[in-house]
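> just coords:
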């Protein structure tokens, strides 16, 4: 059986593995840590704003499994909070075991604590992935979903040092760019001042460290908004974060907490002495990153150049997804790009024409638009997410933000794409 090897077990890698497996390939995921989902273990927000449309488009294409899981483990549904409507908040402590169970049931091989450090190439094709222990994982087609954050040196150079985040570079070693190992030059995202990268958009607070009143409101309502002392309001911090859909004045004037199992603090980092001045947070303690009082992970430092089939340029058998594939923000965006990369990996093996998602659906338009805009003037300073900022505005302008499921189904059917990811190719 033909083999697809996925490097990186985050949302994009898992999504790629599922779509490649359903298309008929033997699939192996290589993940450097001891858990799947990566930043999905500290995320938790789904279906907010245009992500609802994108989720339903994915489901109609046959990419439904991960959305079923996140919907099922969501403790709050159709939640509104500043700048965002109809969000689901999944429990970050429950989601990874559910995803791992699904992959095992699908007979997808998972190699944890397996850090990829190099490649074996012949002519213009990757033959195998070399692991830190010198083992070589051979395959026919490879999909890189290693993300764009880490290691510690990058967080020191472009951030405030290692903040001991969920990526755990000191424990499992830093990410290595497979696309760069092929001889391609990766691109680096920028902030508005031209410096590289951006801080992860939120932190996790231990719920038990919050006051009884705050914890009760968080459990019942899913969201708590606490005004910041006027002297501590810092509007400049909105420019440094990855998640520009939350770069609204409300997120500087208030501390906004969401219930994702932990208390998700919607700020890249927040000085602990200032945080504890806010009523109800006098004893607050960070869960991730542990040094969330001074920093967070730095992302968008290693982006592969690709086409709209998710194929890495200048390599015959390498595709990409997630943050590795562009200036995308969020789980839905990672699942979207990963699914297309995984599906096309099998088409590539079979010599079939690769699938390009049309731009009259949101998930096709974001892939095409990001790829075009990234190479424009100051294009590396933009971020693209269905949930807000410039891309959500584009969705609305183009009439792609659709909440009516029947309308979406009719559109997907007319395009001949209904359940296309469920079709076995091999």
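Noted; the coordinates are in hand. Nothing here was measured: the structure is a model prediction, and the numbers come from that model.
> Residue 174 - how many residues pack around it?
Residue 174 has 17 neighbouring residues, counting by other CB atoms under 10 Å. Placement of C-beta: from N, CA and C, glycine included.
> so is the closest residue to residue 98 other than its chain neighbours in a helix, a strand, or just coil?
Nearest non-adjacent residue to residue 98, counting by CB to CB, 6 or more residues apart in numbering: residue 69, 4.9 Å away. Here residue 69 is recorded as helix under DSSP: H, G, I helix; E, B strand; the rest coil.
> check contacts around residue 69.
Contact partners of residue 69, counting by CB atoms under 8 Å, 6 or more residues apart in numbering, are 95, 98-99, 102.
> Can you give me the pLDDT of residue 63?
Turning to residue 63, the model gives it a pLDDT of 98.
> quick one: it from residue 401, how far?
19 Å (CB to CB, to the nearest Å).
> Just the pLDDT for residue 235.
For residue 235, the predicted pLDDT is 67.
> Look up phi and psi at residue 331.
phi -70, psi -50 (degrees, to the nearest 10).
> measure the residue lying closest to it once chain neighbours are set aside to residue 40 for me?
Closest residue to residue 331 apart from its sequence neighbours, by CB to CB, 6+ apart: residue 11 at 4.9 Å. Separation of residue 11 from residue 40 (CB to CB): 5 Å.
> who has more neighbours, these two?
residue 11 (32 against 26).
> got a list of what the more buried one touches?
37-40, 66, 322, 331, 334-335, 338.
> residues touching residue 392, list them.
49-50, 245, 385-386, 401.
> Next step: the residues you listed restricted to helices.
residue 50 (DSSP state H).
> Can you add pLDDT, distance to residue 27 and neighbour count and give the contacts of residue 392 back as JSON lines?
Output for the contacts of residue 392, formatted as JSON lines (pLDDT from 0 to 100; distance: CB to CB, whole Å; neighbours: other CB atoms under 10 Å):
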{"residue": "49", "pLDDT": "97", "distance to residue 27": "32", "neighbour count": "22"}
{"residue": "50", "pLDDT": "98", "distance to residue 27": "30", "neighbour count": "27"}
{"residue": "245", "pLDDT": "68", "distance to residue 27": "32", "neighbour count": "26"}
{"residue": "385", "pLDDT": "96", "distance to residue 27": "27", "neighbour count": "27"}
{"residue": "386", "pLDDT": "98", "distance to residue 27": "27", "neighbour count": "30"}
{"residue": "401", "pLDDT": "98", "distance to residue 27": "33", "neighbour count": "18"}
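> Give me the buried positions along the lowest-mean-pLDDT helix or strand in the chain.
Least confident element among the helices and strands of the chain, by mean pLDDT, DSSP states H and E: helix 250-253 (a mean of 84). Residues of helix 250-253 classed as buried: 251-253 (neighbour count, 16 or more other CB atoms under 10 Å).
> next one: stretch 396-403
400-402.
> Quickly name whichever of those residues is closest to residue 212.
Taking CB to CB as the measure, residue 212 lies nearest residue 401 of these, at 39.3 Å.
> how close does the closest one sit to residue 339?
Separation of residue 401 from residue 339 (CB to CB) stands at 20 Å.
> for residue 31, same thing?
In this view, residue 31 and residue 339 are 18 Å apart by CB to CB.
> Which one of the two is surrounded by more residues?
Set residue 31 next to residue 339 and count neighbours by other CB under 10 Å: residue 339 wins out with 30 against 26.
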